[in-house]
Every structure is written in structure tokens, then in C-alpha cells.
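> Quick one, fold the following:
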Amino acid sequence: MALPLRLSSFIVSILCGLALTAHASESPPPDLHRRFNTLADEGLTSASVMLHWNGVVRQTFREQRVFPPQAARALAMVHGAGYDAALAASRDGATSAALPYQPYLGAFECPAEAEPEWAAAAAMAEVLEHLFPKLTSRYEEALALYQPGPEMAKCWEASLLAGREAAARMIEARAHDGSQTPDPWRPPARPKAGEWRTTRPTFRPPLLPEWRALQPFVMESPEQFRCVPPPDITSAQFAEELNLVRDIGAYFSDSRTAEQEKIACFWADAQGTFTPTGHWNQIAETAVRLRAGAGEPLTPLEQARLFAQLNLAMADAGIACWEAKYHYNYWRPVTAIALADQDGNAATGEPDSRWTPYIATPPFPEFPSGHSTFSGAAEAVLTHWFGEDFAFEDLSDDLERNHGDRYVVRQYASFRAAAEEASKSRIYGGIHYPSASKAGLESGRAVGRYVVGQSLLPAGETPVVAPSSAVVSAGDSGTRTTR
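Sure thing, here's the model as predicted:
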């Protein structure tokens, strides 16, 4: 069912753009807050340092309206520095050879009195102050929650020194990574059928094309895990996928079920929310708490290592995804449906310039799916840590539109089940084809496996030798035709 053009644009820009953003002044009901948050109102312990700072970071993302790739970079820097600080303060002896794990940016000497948890907190605060300087006072207040009495002053100061050293190393390592170098890339002035161009209703310019060449955190190069091309637009596969999205992903769809609408909203994680990477950090926190509740808690250093691997993987997944997006420059469903008479494929049906997706179309090329790539990487890391059949429940960010429920809890039998649902959510939202969701998942999984096999390994362990690339098949021909 098509809407008049002016009304459809209004609905997408107002309902989709605003209703799917989190409201920083709102909090979940008390019962959900207790189940899914470990902030200062419950008291801080050494075991909750990583979880506490994750909550601080997610709130920053909501208020500062951070874009997903930038959020992934920030989390990797924060947790990479936190891990190196905790590790340096954990050595059992006078030399770096006594460290239980390999550091991310190299070992450094720190005062023997430094405490791992405090050092990690200091490092994370310092990196956040660098990334979001307007919020420095907030991070200083959060760090001050850990400050002990005078009898522990020497340990506290030693921990601050260790944390600041780890943070300085991370900030220096990423100072020229390309994130602050604008990329002049623009879509072709006269794009061919199959090529991306700006989309209704806002026609925003392409988002963060510089991320296609960003310095990876662990990968050898941005294109190391590039997936193979999307389907040829003249193929039967493309027609089948486009017609599916046209049907199930329309704003008013008779085919999309109420459950599928909930899934689309639950995983939307748009700008102004905790973002896809923040969402998966929340899931990791839940796993940490469940493991502790089962009598198998992770030590503070193990938590630091878990969150560092998770976020290094998702940051590299974002880089790999953006490299592929701008390499293939594939058009979005909203464009393909409007120009269905120009694709050379009679099976794609009649053009419909008023067709509107359920979720607002993001301003960058379609293939592969970013949410799917982030989710695949997170799935690989969390499965490595907690196993294939780790059941858990998850809480949405604030969703006004989700059938009247602002906060929704969903259950999953495994991280794989959650990642696959997140991937499908983008199809239900009308902004991705199934091939893009599949390719993103597989590429992300390859990145995640690579990171856990290459980085932050136990002392003396040799990195897993991985292929120089991991090509993931999404289309049926391995080539793409534009017209």
C-alpha cells in the first residue's frame, strides 16, 4: 500500500526519525533497571568496573547522537586502553614477561601499587575525555566514585598513572587513523541503475565515507574481509529479494507480522540510541552477570579482555563493512523500487516512487548490512567466550513505537540467534536485501574469529594463522551489473 509522497516523507522523518531515538531523560522501569544495569545506585564493586563504564559510554552515545561506526571506534579505544591498563597493573613480578596475557599496544612499566580495576577506570575516563571533551566533568565524577580513603592514596595515584599511560598510548595510536580526514567521495552525478544515490525524505549526503580507509585495529587492511559483490540487478535473485522487501518492508505492509514489526524496532538502534555496538555491549554485560550468577564469575582482568576483544572486533567489522559499502556502491530498496523500470529486469515489477520503508533509510550505500556485520562480529566473540548455547534475555533501548511498549525484553537461545534476528530486522524495516544481511553476518563473523585468534592472547601463545581475506558469497553470480 503506497502513501502520498508528501505524507510518506512526513511520517518517515517524524515517526521513524524521532520515535526510534532514545530519550536521555527517561529510564527503564525499576524492575528492568535492576535487571539490566549495574550503575552506582546498586553500589560499585571491582567486578563491575567494566559494566559501569559501559553504561557511561552508552549514555554518551544517546546524548551526543553518535553514528554507529564512530561509536564502534570509541568503544574499541575505551576498552582497548582499559584492558592494557588493567593488564599492566596485574603483573606478578617485576617484568612484563610475567603478564598473563599479551597487551594490545605493548607492555609498559607501571607502579607496583597500581590496582587493575582502578587503572582500567582511569584509562577509560581519560580516553572518553579525549573523545568527548565537553563531558569531561561527567567522566571525572564517574571516576571519583572509585577514589578510596587516605590509607589507599598511594595505590590510587599509582592506578591513575597506569591508566593515563594506557590512555595516552591509545590516543597516540589512533591520532592519525583517518577518522578526522574528510573523504570527498560523492555518488556519481548521473548514477546508473544499481548505483546508490541519496534517498528520501532528507536526501542527506553519504555518511562517513572516510571509514572505508580507516586504519584497522587488528585487521591487516580494510578490505581484508570484503564480501563478494551483491546480486546482479538483472538476476532472478535480485528480483526475488526486491519483491520481498517491497512487500514485507513497506511502511504499511499487509504481510509483515506484528512480531516482525517488534523485531524491526527492537534492533533499530538508530542515531540517538545506544547504537548497535552499544546494544551488543549490553548483551555482553548480561552474559557476564549470568556467568557470575552461575558461580563462574570472570575476574576483572578477564572482563577487561572480553570487552576489549568484543569492541576491537566490532570496530574492525565497521571498517570492513564501510569499505565494502563504498566499494560496491549498491542502491537501497527505496531507490530500486522507485526505478524498477530502469533495472533491465522485468521481474522487479512496476516502479513506485511513493513506496516508503518501515524504518528510515540510512544515508549510505546498501551492501552489506552494517547492523548484520556488527552483530556477526559480536556473535563470534561472545560465542568464543561463553559457548554456543548460552541463553539470555535482552532489553531494548527506549522505543515509543513498539506497540505501546517503551521497553521490550526479548529472549534468545544463543548469541547466533540474536545476531540472525538483528540481521533480519533490517529486511523487515525495508532498508536491506536478504543478501546484504547474509553477507554482513558472515563478514562480521570472519572478523570476530580473526580478532579472537590474533589479539590479546594468553602469554606465549602464537596467533592463529588466518587467510589474508575471507570472501563471503552473497549473490548468485559473483558479478554485478549496473545499467
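
> Can I get stretch 197-206 as CSV, trimmed to CA atoms?
Taking only C-alpha atoms (Å, rounded to 0.1, in the frame of the first residue of the first chain), the coordinates of stretch 197-206 have been written out as CSV:
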residue,chain,number,x,y,z
ARG,A,197,22.2,7.9,-4.7
THR,A,198,20.8,10.0,-1.8
THR,A,199,17.3,8.9,-0.6
ARG,A,200,14.1,10.3,0.6
PRO,A,201,13.0,12.0,2.7
THR,A,202,16.1,14.1,3.7
PHE,A,203,18.5,13.3,0.8
ARG,A,204,21.4,13.5,3.2
PRO,A,205,24.9,13.2,1.8
PRO,A,206,26.9,10.0,2.2
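
> What's the separation between the residue of the chain positioned farthest from its centre and Leu160?
For the chain, the largest distance from the centre (Cα atoms, centre = their mean) belongs to Glu151, which lies 41.1 Å off. Distance, Glu151 to Leu160, by Cβ to Cβ, to the nearest Å: 16 Å. Yep, even glycine has a C-beta here, placed from its N, CA and C like the rest.

> repeat for Pro187
From Pro187 over to Leu160 the distance is 48 Å, taken as Cβ to Cβ.

> Pick out whichever of the two has more residues nearby.
Under the neighbour definition other Cβ atoms under 10 Å, Pro187 and Leu160 were set side by side, and Leu160 has more, 22 against 17.

> if I pick the more buried one, what's in contact with it?
By Cβ atoms under 8 Å, 6 or more residues apart in numbering, the contact list for Leu160 reads 118-119, 122.

> if I pick the spatially most central residue of the chain, what's in contact with it?
Relative to the mean C-alpha position of the chain, the nearest C-alpha, by Cα atoms, centre = their mean, is the one of Thr277, at 2.6 Å. Each residue near Thr277 by Cβ under 8 Å, 6+ apart is listed here: 68, 71-72, 75, 311, 314-315, 318, 374, 378.

> isn't there a strand covering it?
No. The assignment for Thr277 by DSSP: H, G, I helix; E, B strand; the rest coil gives helix, which leaves it out of any strand.

> Now do it, the pLDDT please.
Listed pLDDT for Thr277 reads 98.

> Ok, the one 4 residues further on next?
What the model reports as pLDDT for Asn281 is 97.

> So for Gln271, what's the nearest residue that isn't a sequence neighbour?
In space, not counting the residues next to it along the chain, Gln271 is nearest to Arg65; the distance is 5.1 Å by Cβ to Cβ, 6 or more residues apart in numbering.

> what comes up buried for stretch 106-115?
107-108, 110-111, 113-115 (16 or more other Cβ atoms under 10 Å).

> Show the average pLDDT along that stretch.
Predicted confidence along stretch 106-115 averages 93 (mean pLDDT).

> Now intersect the contacts of Thr277 with the helices, please.
Helix and strand membership here follows DSSP state H; of the contacts of Thr277, those in helices are 68, 71-72, 75, 311, 314-315, 318, 374, 378.

> re earlier: got the buried residues of stretch 106-115 as JSON lines, with secondary structure and distance to Tyr428 columns?
Supplementary listing: those in JSON lines, determined by DSSP: H, G, I helix; E, B strand; the rest coil; distance: Cβ to Cβ, whole Å:
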{"residue": "Ala107", "secondary structure": "coil", "distance to Tyr428": "47"}
{"residue": "Phe108", "secondary structure": "coil", "distance to Tyr428": "48"}
{"residue": "Cys110", "secondary structure": "coil", "distance to Tyr428": "49"}
{"residue": "Pro111", "secondary structure": "coil", "distance to Tyr428": "53"}
{"residue": "Glu113", "secondary structure": "coil", "distance to Tyr428": "54"}
{"residue": "Ala114", "secondary structure": "coil", "distance to Tyr428": "49"}
{"residue": "Glu115", "secondary structure": "coil", "distance to Tyr428": "47"}
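
> follow-up on the earlier one: would you list the buried entries among the ones in helices among the contacts of Thr277?
Using 16+ other Cβ under 10 Å as the burial test, the ones in helices among the contacts of Thr277 include 68, 71-72, 75, 311, 314-315, 318, 374, 378 as buried.

> Could you pull out the strands in this structure for me?
Shown for the chain, the strands assigned by DSSP state E span residues 392-395, 409-412.

> returning to that earlier point: possible to save the ones in helices among the contacts of Thr277 as a markdown table with distance to Leu456 and pLDDT?
As requested, these are arranged in a markdown table below (distance: Cβ to Cβ, whole Å; pLDDT from 0 to 100):
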| residue | distance to Leu456 | pLDDT |
| --- | --- | --- |
| Pro68 | 23 | 97 |
| Ala71 | 21 | 98 |
| Ala72 | 17 | 98 |
| Leu75 | 15 | 98 |
| Asn311 | 11 | 98 |
| Met314 | 14 | 98 |
| Ala315 | 14 | 98 |
| Gly318 | 19 | 98 |
| Phe374 | 19 | 98 |
| Ala378 | 16 | 98 |
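
> If we only consider these, which is nearest to Lys438?
Nearest to Lys438 among the ones in helices among the contacts of Thr277, counting by Cβ to Cβ, is Phe374 at 14.7 Å.

> show me the contacts for the closest one.
Contact analysis of Phe374 by Cβ under 8 Å, 6+ apart lists 68, 72, 276-277, 280, 314, 317-318, 321, 444.

> And those residues, which two are furthest apart?
The most widely separated members of the contacts of Phe374 are Trp280 and Cys321, with 14.3 Å between them, by Cβ to Cβ.

> Tell me which of the two has more neighbours.
Neighbours were tallied for Trp280 and for Cys321 using other Cβ under 10 Å; the higher tally belongs to Cys321 (35 against 30).
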